[in-house]
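Model the following, please.
(2 chains)
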Amino acid sequence: MADFEFDEKLSPKDNLDRFFGHLATDYGPLAELLRDNFETLIQSLDGGDRNKARKSFHQKVVKILDAPPPNEKGA
Amino acid sequence: MRYFLTKLRIEGFRGINNDGTPLELRFKTDAINSVFAPNGLGKSSIFDALCYAIRGGIPKLDGLPAAEKANDYYCNRFHSTGIAVIHLTFTPDQAGPDVVIQIQRTRDGRRTVTSPSGEKDPEAFLQTLNEDFALLDYSTFAHFIEDSPLDRGRSFSSLLGMARLSQARQVLKMLADGRNLESDFGLSSLKTEKSLTTQDIANALRDARLARQKLLGIQPTEPMDADAVALAGTAALTQVPLIAPYLKDKTLLTADYEAIQKALREADDSKGHEQLATILNNITLLESLAPTADESKEIAALRRHITSRDNALAKTRGPLTKAMYEGVQAVLGSDEWTDDDRCPACESTPSTPPKELVAARLAQYDEVSKHQQEVVAEWSAATSPKRFTKLEHAEPLGVPQEERRFPALDAQFRTQTPTHEDVRAFSDKLQSLDAARENIAKKLAEERDRLRKDLPASLVTLTEQVQSAKDLRDALKELTSQQQKEATLDYKIRRRELWKNFVDIALATFQLADSQFSKTRAASLKTSYQGMFASIVAHGQIVPSLQQSGTTEDLQFRLDEFFGKRDFSATPLLSESYRNAAGLAIFLSAALESSAAPRFIVLDDVTSSFDAGHQFQLMELLRVQVGIPENPSGLQVILLSHDGLLEKYFDRLSNTKGWHHYKLQGLPPTGSVLTQAQGPNRLRDDAERFLKAGQIKQGEPLIRQYLEFKLIQIITRVRIPVPLDFAIRDSNRVVSNSLEAIEYASRLHEKAGDLILDDVQRKAINSVHAPALLANWVAHYETGSSSSLASHVLLSVLKSIDEFADCFCYSCSCDGSPRRRYYKSLSAKACDC
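The predicted structure follows:
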């Protein structure tokens, strides 16, 4: 995977968006899955039940991983 | 857009009661703003109010154990409604309207945020102001320095406005944690299942090869092509006239073998054929139960894991001690225990911190658990236990239900603590079952050979062919089924490993980028905070430095230089005040660097650990480098302090351009807290109103504030000299100290013959007002017995205060209309009137 750097001129949120965009070049659907659930996982760090949030996310991941995709590569 | 904090109004919050008369502070955008209050006069409540308004909570309350019911301490307990109201006005640093936000909190903890100025989402607006540097107290930067490198690194990220990146890193670490993936994805279970399936495939293949040899005469060593074998088997059966009709439109795999066997029975009316079929069936079954793997290796592996577990167990001190360590660990991790160096169980202070000690002891128990899990995994993946149970259930062996050992052994290995004795019992019984299997198989083979001789050769051949075809069908079906299962498991494992690989790469990529980013940001601040530190400590012999460790979040607090020597750990070398100076310098430099929404910094008692010299250096740093107006691109600085020495500094600067100062007065938490600038008339009017209504308790504190205000006003306006320690004397004696200063100065001028006061004024002061104030009020409230005074007495005190102050005024008509005006000094008027 190519190198990635954060941009000082951008906000943390924009930098995170760039990071997910970078991941998507090699891991499209997986990066999208992570990005779409990332906010919930971050919120679970403060006060929320992080284990519950993680397990719930991993259940989603397993469901998607086990469904046979049309093209397995990168998905 | 960035914002200044220009107005703060508080009522009913923490120590600020101010029922009906909110405390109001106005802060200038082009000046350093200082607020001084002696201890217990509501200064911390101002900082708490800002914390609650902007951050939604007060750290020192939120950190209390649940039993302390922190929620009960937000609202003032003496306020008539019990509702706290905080009113904030923010002014943009560019053209634009003010944003006014009101935060209300009820006693039951309900928070309501509204915007009288019409801000669409006032809570979101407050969140944009929630930057770490905006509200800074002593404990924040002291903790920053004392924290672990990991916590310091996270705090630093947050300080630089990169908290979200730090949180993102924590999420990625959580997702990439192998233990989490293992438990959530059940990867080992899938791998164990796959390993068992592979074994089942090997067994099915062996059975298929044996049946193929019997039916088609092909050597077991020849490769197995299931489709080709099925075709060849079908062809072979079709050659037999008796069977051929049953294979019309069918194959070896789909033929109805019960119908074929029935046809065979009908062709031979003796019982020999049926007996032969049963024997052949049993022989096939017993052949399939022969060992396929080197089971001695499995037994040896079980013994090895049990030995490792027993060795680990010998290092521990038993389950009761484990429970004790877990209890101690729980206490150490809770809010109930704050001394990390002391053990809560024995109250001693060991050389190794109790947390580390307990973690090391519990790790020994984890080691036991790990080896026990290895035993279970080995038992689950081994083929011998499965063969064991099949042997016990095999009909030809005839093991009675009550003699079957497998259920007990399986429970022992999976859920209990198996011993070497259990392994031996399992191994011995398996050998015994195997011996029985071989013995019975031998007897069945002899019986089969006898029947072969007795029965017609063609019928024997036919029976054996049909049995072999049936065995081949079963084996091929089993082979196909297990191969499909293996493919499914393999797919699931590969998919999970693909995800694991993805999150590993995501974390590694993020960590590399984040650490590089943090290093760059830290480096950009380095010159600034090192310069500020040198300014506070007033020399350059010590140079602090924050250093990142590899790609981790850890941030080390080091010294680049220490009196000519290089590279030391800072914490053991620096005194508390120097450590705090470094922490403060880091926070201030980050605040100056920031372009986030708050363009203000509120500093609460940040000089606590500094001596007078360092306090002065810090104030000068704030005034010259940090604050507007000396630094036009700097911040609006708001200082809260209870320090008597600093009060002098504030007093000196309060009349200069670029400095705006408040002093708080009052009697919190029951009475009101007001500033001198909030107007004496309001104090007086409120006091009068309360007293006329007979509300002595509410009126008394206001009289005191009013009297203090008027006396200080006389001293300031008439330029009466006071002793050097005037400001730092007991705050309860402000009135008598002031009266004393006024009296001494008057006497001095009288003796010098230049006292400007007229005779009436002199007589009124000495004979009427001063004695009345001292007798009726000062003597009572300074001894804490003022509550015995009646309201009419207190109303006369108010009158005396005004008349006493008027003794230092004269009639002036300079601007056309007559007014009372303070003398310029005790020896001169302020004009020529």
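
Close to chain B: what parts of chain A are there?
Neighbours of chain B within chain A, by Cβ under 8 Å from any Cβ of the partner chain: A:1, A:3-6, A:8, A:12-13, A:15-16, A:19, A:22-23, A:26-27, A:30-31, A:34, A:38, A:41-42, A:45, A:50, A:54-55, A:57-59, A:61-62, A:65-66, A:68. The C-beta positions use only the backbone N, C-alpha and C, and glycine is treated the same way.

Give me the buried subset of these.
A:4-6, A:12, A:15-16, A:19, A:22-23, A:27, A:30-31, A:34, A:38, A:41-42, A:50, A:54, A:57-58, A:61-62, A:65 (16 or more other Cβ atoms under 10 Å in any protein chain shown).

In strands, which of these fall?
Secondary structure from DSSP state E places none of those in strands.

thinking again about what came up before, of the residues of chain A next to chain B, which belong to helices?
A:12-13, A:15-16, A:19, A:22-23, A:26-27, A:30-31, A:34, A:38, A:41-42, A:45, A:50, A:54-55, A:57-59, A:61-62, A:65-66 (DSSP state H).

Test my guess that residue B:745 contacts residue B:825.
No - taking Cβ atoms under 8 Å as the definition, residue B:745 is not a contact partner of residue B:825, at 9.2 Å.

Enumerate every residue touching residue B:190.
Shown in contact with residue B:190 (Cβ atoms under 8 Å, 6 or more residues apart in numbering or on different chains): B:489, B:492, B:493, B:496.

Name the nearest residue to it, sequence neighbours excluded.
Spatially, and ignoring its direct neighbours in sequence, residue B:190 is nearest to residue B:493 (5.3 Å; Cβ to Cβ, 6 or more residues apart in numbering or on different chains).

Please give the element, helix or strand, for that neighbour.
Assigned by DSSP states H and E, residue B:493 falls within helix B:457-537.

how far is that helix from where the chain is centred?
Centre-to-centre, helix B:457-537 and its host chain are 30 Å apart (Cα atoms, centre = their mean, to the nearest Å).

cool, and stretch B:626-646?
With Cα atoms, centre = their mean, you get 32 Å for stretch B:626-646.

With stretch A:17-35 instead?
6 Å.

And stretch B:128-137, by the same measure?
Counting by Cα atoms, centre = their mean, stretch B:128-137 comes out at 18 Å from the chain centroid.

What mean pLDDT does that stretch get?
Averaged over stretch B:128-137, pLDDT sits at 90.

With just CA atoms, put it into PDB.
The C-alpha coordinates for stretch B:128-137 follow below in PDB (Å, rounded to 0.1, in the frame of the first residue of the first chain):
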ATOM      1  CA  THR B 128     -16.800  24.500  18.700                       C
ATOM      2  CA  LEU B 129     -15.500  26.400  21.700                       C
ATOM      3  CA  ASN B 130     -14.600  23.300  23.600                       C
ATOM      4  CA  GLU B 131     -10.900  23.400  23.000                       C
ATOM      5  CA  ASP B 132      -8.500  22.100  25.700                       C
ATOM      6  CA  PHE B 133      -6.600  25.400  26.000                       C
ATOM      7  CA  ALA B 134      -9.700  27.600  26.300                       C
ATOM      8  CA  LEU B 135     -10.300  26.800  30.000                       C
ATOM      9  CA  LEU B 136      -7.100  26.100  31.800                       C
ATOM     10  CA  ASP B 137      -6.600  25.400  35.400                       C
END
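
Pairing partners for residue B:85 in the sheet, please.
Beta bridges link residue B:85 to residue B:11, residue B:104 when assigned by DSSP bridges.

Tell me who's in contact with it.
B:9, B:10, B:11, B:12, B:13, B:22, B:102, B:103, B:104.

which of those residues lies closest to chain A?
residue B:103 (20.1 Å; Cβ to the nearest Cβ).

Relative to residue B:124, how far out is residue A:17?
19 Å (Cβ to Cβ, to the nearest Å).

The two - which one has more neighbours?
A side-by-side neighbour count of residue A:17 and residue B:124, using other Cβ atoms under 10 Å in any protein chain shown, places residue A:17 first with 13 against 10.

Tell me, what's the model's pLDDT at the more buried one?
pLDDT for residue A:17: 94.

what's the answer for residue B:169, then?
Per-residue pLDDT puts residue B:169 at 90.

What is the helix or strand encompassing residue B:638 packed up against?
Taking DSSP H and E as the criterion, residue B:638 maps to strand B:636-641. With contacts defined as 3 or more Cβ pairs under 8 Å, 6 or more residues apart in numbering or on different chains; DSSP states H and E, the packing partners of strand B:636-641 are strand B:3-11, strand B:32-36, helix B:43-55, strand B:600-604, helix B:644-653.

let's see 10 Å
With contacts taken as 3 or more Cβ pairs under 10 Å, 6 or more residues apart in numbering or on different chains; DSSP states H and E, strand B:636-641 sits against strand B:3-11, strand B:32-36, helix B:43-55, strand B:600-604, helix B:612-621, helix B:644-653, strand B:659-666.

pull the CA atoms of it into PDB?
Extracted as PDB, the C-alpha positions of strand B:636-641 are listed here (Å, rounded to 0.1, in the frame of the first residue of the first chain):
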ATOM      1  CA  GLN B 636      -8.100  37.600  25.000                       C
ATOM      2  CA  VAL B 637      -6.700  36.600  28.400                       C
ATOM      3  CA  ILE B 638      -9.000  36.200  31.400                       C
ATOM      4  CA  LEU B 639      -7.200  35.500  34.600                       C
ATOM      5  CA  LEU B 640      -8.900  34.300  37.800                       C
ATOM      6  CA  SER B 641      -6.800  34.500  41.000                       C
END
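
strands paired with it, and their directions?
strand B:32-36 (parallel), strand B:600-604 (parallel).

Need the three-state assignment for residue B:21.
Secondary structure assignment for residue B:21 (DSSP: H, G, I helix; E, B strand; the rest coil): coil.

what residues are up against residue B:47?
Residue B:47 is in contact with B:14, B:35, B:58, B:135, B:136, B:137, B:602, B:603, B:604, B:605, B:638, B:640, counting by Cβ atoms under 10 Å, 6 or more residues apart in numbering or on different chains.

My read is that the second one contacts residue B:24, right?
Which is residue B:35. No - judged on Cβ atoms under 10 Å, residue B:35 makes no contact with residue B:24 at a distance of 11.9 Å.

Now for these two: what residues contact both?
With Cβ under 10 Å, 6+ apart, residue B:35 and residue B:24 have common neighbours B:8, B:675.

Mind checking which of those two has more residues around it?
Just comparing residue B:35 and residue B:24: by other Cβ under 10 Å the higher neighbour count belongs to residue B:35, 25 against 16.

quick revisit: identify the contacts common to residue B:745 and residue B:825.
Joint contacts of residue B:745 and residue B:825 (Cβ under 10 Å, 6+ apart) are B:718, B:719, B:720, B:721.

Filter these down to the buried ones and hand me the PyMOL line.
The PyMOL command for the buried members of the shared contacts of residue B:745 and residue B:825 (criterion: 16+ other Cβ under 10 Å) is given here:
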select buried, chain B and resi 718+720
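
where does chain A have low pLDDT?
A:1-2, A:46-48, A:69-75 (pLDDT under 70).

centroid residue for it?
residue A:34 (1.8 Å; Cα atoms, centre = their mean).

Disregarding residues adjacent in the polypeptide, which is nearest to residue B:433?
residue B:391 is the one closest to residue B:433 (Cβ to Cβ, 6+ apart), at 4.2 Å.

doesn't residue B:397 make contact with the one you found?
Yes - under the criterion of Cβ under 10 Å, residue B:391 makes contact with residue B:397 at 6.2 Å.

So for those two, which residue has more residues nearby?
Between residue B:391 and residue B:397, counted using other Cβ under 10 Å, the more crowded position is residue B:391 (22 against 19).

Double-check that the more buried one belongs to a strand.
No - under three-state DSSP, residue B:391 sits outside any strand and is assigned helix.
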